[in-house]
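I'd like to go over a predicted model; first the sequence, then the structure.
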Amino acid sequence: MARESLKSLAKKEVADARIVMDEKKANMAESRRSRESLLAAGLGDLDGDKVVAADLAKRQVARGFYRKMPKVKEWAENNYHHVLIQNQLADLVKINAFWRDYAAYLADGAEGPFLSENVAEPTSNFSEMMLALAVLDLPVEAGEHVTKQDAAAFAMTAASPTIVFHKQIQPAPVSDDKTPVLVGQNFFRHGDRYIQVDGEQRDKYVTEEFLRGVVYGCQVVVTNPTSATQGLDVLLQIPEKAMPVLGSKRTRSQSLRLGPYATQKIEYYFYFPMTGDFQHYPVHVARDEAVAAWADPFTFHVVERLTKIDKASWAYVSQWGTEAEVLSYLEQNNVHRIDLGKIAWRMSDLDFFDKTLELLAGRHAFHPVLWSYGIHHNRLERIQEYLRSNDGFLRRFGDYVDCTLAVVDPVERHWRQHLEYSPLVNARAHRLGRDRKIVNSAFRNQYVGLMNVLRYKAEPTDEDSLDVAYYLFLQDRIAEALARFDAVDAKSLPSQLQIDYMRCYVAFYRERPEEAAKIAARYADHPVDKWRERFAAVTAQVAEIDGAAVAQSDREEDDREALQDQLASTEPALQLKVENREALLTFQNLKEVQVNLYQMDLEFLFSANPFVESSAERFSVIKPNYSTVVRLPEKGDVHRFELPAEFAGKNVLVEAVGAGRRVAQAYYANDLKVQLVEQYGRLQVRHAKTGQPLSKVYVKVYAQTPQGAKFFKDGYTDLRGKFDYTSLNTDDMGAVSQFAVLVMSPQHGAVVKTAKPPQQ
């Protein structure tokens with residue numbers, strides 16, 4: 001047995017090897033034929049560019065397949081590239097040195113080109129970069145710069161305004177510190193540890209006097225300046241007589257493992273409950289239980305009041321300066337980097353309040369606490385400004401408010417914006433049930449949100465009406481949408497383009513394509529691609545309504561609707577209907593078809609497949625009894641012809657084939673008039689012309705069940721021409737979903753009918 005199995009396996013391997021060899025030979029033959037065809041096409045030595053060109057030409061001829069409709073997307077109009085309205089805020093384009101240079105350029109009234117060495121600053125997002133390039137006077141296409149370089153120098157002659165970045169190596173003094181571990185220790189006041197110098201943030205260390213009861217911090221920095229990893233232990237201790245705060249401890253040891261050239265920062269906090277001079281044990285760093293580095297000892301001089309006061313600092317001026325000094329400080333410094341809350345206690349003075357807020361408003365600086373004092377002083381303008389900045393408070397009053405104190409427009413406040421939904425197709429054109437339903441959840445939320453806004457308005461604006469009209473069109477509520485659109489005053493709208501497109505849309509619904517064509521013609525050369533293509537589609541539809549062929553679309557390849565419409569208009573189509581020995585062909589993009597006739601043994605076919613009308617495909621492998629080529633007219637899309645006389649009185653399958661399309665219909669030659677009463681399972685057969693009942697007509701019935709088609713019953717009509725095709729002394733009819741009934745008479749022909757089972 002094992003030997004036989006091995007032999008069988010060996011034979012199988014040999015057979016598989018032969019199959020592989022045959023496939024390789026077939027592929028080689030195909031490659032040879034392809035080469036010969038290319039040579040015959042004049043491609044000579046198979047030049048690569050010619051082969052690619054030929055391949056691209058073939059691809060242009062190939063037709064695309066049906067493309068499934070993509071998911072619905074929300075579309076928003078963007079003032080900035082791909083930035084939603086809720087993100088179009090003041091910090092989209094940040095203040096930096098580049099815009100400072102541009103402001104100075106405009107203020108000086110310079111006539112030359114604007115260039116800034118800070119051009120690399122505005123690079124946080126695309127919008128910022130594009131705006132910076134728009135004001136920068138650098139050419140889009142620079143000329144050819146002339147450069148010259150030798151061993152010690154580099155020279156460039158610019159052909160156009162140019163910004164050049166360069167690096168330079170300069171000598172620096174050599175450090176005498178040979179310590180393999182570096183440690184630094186500095187002290188700062190908690191909450192006041194930084195200062196701004198030339199637009200840069202720097203540490204503000206305290207080195208001389210410390211205030212009693214004020215929290216201070218110690219910043220320890222340990223650095224490994226070597227190329228080897230070091231394991232270190234750091235000992236930290238707060239000063240003498242100090243109290244730890246913010247989770248710090250009196251004494252703490254921390255282990256560090258610093259990689260090559262790595263740095264670690266450690267902080268702890270404390271305050272002094274009394275005045276005096278107190279010693280501080282500095283930070284010590286140990287390695288392998290031996291001290292490797294330490295900071296210098298320090299003595300804290302703690303006082304009740306500072307003797308050396310920085311009277312130019314905001315901390316002093318805001319608390320101890322006069323009102324004139326405070327205003328002067330605000331005028332001379334960047335108010336956007338100052339803690340304005342420190343002067344809130346001064347706002348109860350009306351004169352100081354008015355002067356300060358006027359100064360800050362002129363510098364576009366806003367502080368909610370300072371402005372809230374407008375309520376205390378009953379200053380209407382300041383109250384309005386304060387409320388405008390308080391979104392959380394205003395949202396309590398609904399999506400729209402219009403009163404003396406505040407006007408809340410949800411669009412201006414970026415709470416909502418108009419959104420389009422495409423491609424959106426409703427499955428039902430009419431309402432089902434009592435309530436209307438919007439299936440798409442995103443669109444439903446948008447529509448409900450708009451209705452919530454409108455319920456707070458005494459009367460909708462023209463822009464509101466246009467929004468409502470668009471959303472009603474999306475719901476297929478056409479009559480309501482047209483009425484709402486007619487209520488819009490186009491002259492009051494800020495833009496005419498959108499309403500003109502809506503006018504085209506409305507003109508199609510009102511069957512006035514000529515109006516749509518006139519409007520679309522005005523935008524034939526519109527500079528924005530999206531809108532120009534939309535109006536071009538309107539023009540193309542009007543031309544198609546007038547009978548013109550669908551033109552080649554110049555819209556983007558991923559525009560499914562335009563592409564599918566174009567392919568459908570050029571796709572061959574064919575339909576067939578046979579009645580009274582006459583065939584009716586309805587066609588598109590066809591010049592001729594081949595007509596085949598197959599004579600049918602109806603009883604045999606019916607017994608093989610009772611539902612014969614759905615099985616015409618079986619004749620595609622049988623030689624037809626009759627075949628001919630029928631030329632189709634160049635004009636029109638309908639052609640009629642009679643069936644050959646030799647098939648009169650015979651049951652035939654008529655087939656039409658053209659451009660890869662195949663349609664077929666069974667034609668039953670008979671003089672029978674069969675009337676089915678499905679509810680009671682009865683049929684009656686009469687002569688089609690005389691109306692006389694026909695007896696002894698054979699009836700065969702098959703039933704469609706979950707197990708497939710099964711014979712149900714047969715018999716003959718009585719003298720009345722009647723036959724009960726459903727009644728049996730069994731329960732077989734309980735699982736029947738459909739009946740197929742063959743009615744056949746030797747003298748009058750045959751016919752096949754289908755019927756549903758009676759309701760029980």
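Okay, I see it. Everything numeric in this text was worked out from a predicted model, so none of it was measured.

quick one: the residue lying closest to residue 253 once chain neighbours are set aside and residue 530, what's the gap?
Spatial nearest neighbour of residue 253, chain neighbours left out: residue 235 (5.4 Å); criterion: C-beta to C-beta, 6 or more residues apart in numbering. Yep, even glycine has a C-beta here, placed from its N, CA and C like the rest. For residue 235, the distance to residue 530 equals 68 Å [C-beta to C-beta, to the nearest Å].

So which of the two has more stuff around it?
Legend: neighbour count by other C-beta atoms under 10 Å for residue 235 and residue 530, higher for residue 235 (16 against 10).

list the contacts for that one?
By C-beta atoms under 8 Å, 6 or more residues apart in numbering, the contact list for residue 235 reads 251-253, 283-286.

make it 7 Å
Residue 235 sits next to 253, 283-284 when contact means C-beta atoms under 7 Å, 6 or more residues apart in numbering.

so where's the stretch 551-700 of the chain shaky on pLDDT?
551-569, 612-621 (pLDDT under 70).

Can you list the residue ranges for helices in it?
Applying DSSP state H, counting those that start in this stretch to the stretch 551-700 of the chain gives helices spanning 560-570, 602-608.

re the thing from before, give me the buried entries from the contacts of residue 235.
283-284 (16 or more other C-beta atoms under 10 Å).

Is it possible to get a markdown table of the contacts of residue 235 that adds distance to residue 523, secondary structure and pLDDT?
What follows is those, written out as a markdown table (distance: C-beta to C-beta, whole Å; DSSP: H, G, I helix; E, B strand; the rest coil; pLDDT from 0 to 100):
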| residue | distance to residue 523 | secondary structure | pLDDT |
| --- | --- | --- | --- |
| 253 | 77 | strand | 89 |
| 283 | 74 | coil | 91 |
| 284 | 79 | strand | 90 |
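
now stretch 724-732, how far from the chain's geometric center?
60 Å (C-alpha atoms, centre = their mean, to the nearest Å).

for stretch 83-100, same thing?
Distance, centroid of stretch 83-100 to centroid of chain: 23 Å (C-alpha atoms, centre = their mean).

How about stretch 379-396?
Centre-to-centre, stretch 379-396 and its host chain are 35 Å apart (C-alpha atoms, centre = their mean).

Please work out the average pLDDT along that stretch.
Mean per-residue pLDDT for stretch 379-396: 89.

Okay, buried residues for that stretch please.
Here stretch 379-396 shows 379, 382-383, 385-388, 394 as buried, counting by 16+ other C-beta under 10 Å.

who touches that stretch?
357, 366, 368, 371-372, 374-375, 401, 405-406, 408, 413.

Can you get me the start-to-end distance on it?
From its first residue to its last, stretch 379-396 covers 23 Å (C-alpha to C-alpha, to the nearest Å).

So what touches stretch 487-505?
Residues outside stretch 487-505 that contact it (C-beta under 7 Å, 6+ apart) are 462-463, 465-466, 485, 516, 519-520, 531, 534-535, 538.

and residue 671, how far is that from residue 691?
Using C-beta to C-beta, residue 671 is found at 11 Å from residue 691.

Mind checking which of these two has more residues around it?
Higher neighbour count among residue 671 and residue 691: residue 671, with 16 against 8, using other C-beta under 10 Å.

contacting residues for the more buried one?
Residues near residue 671 by C-beta under 7 Å, 6+ apart: 687-689, 748-749.

how many neighbours does residue 348 have?
Residue 348 - counted by other C-beta under 10 Å - has 11 other residues nearby.
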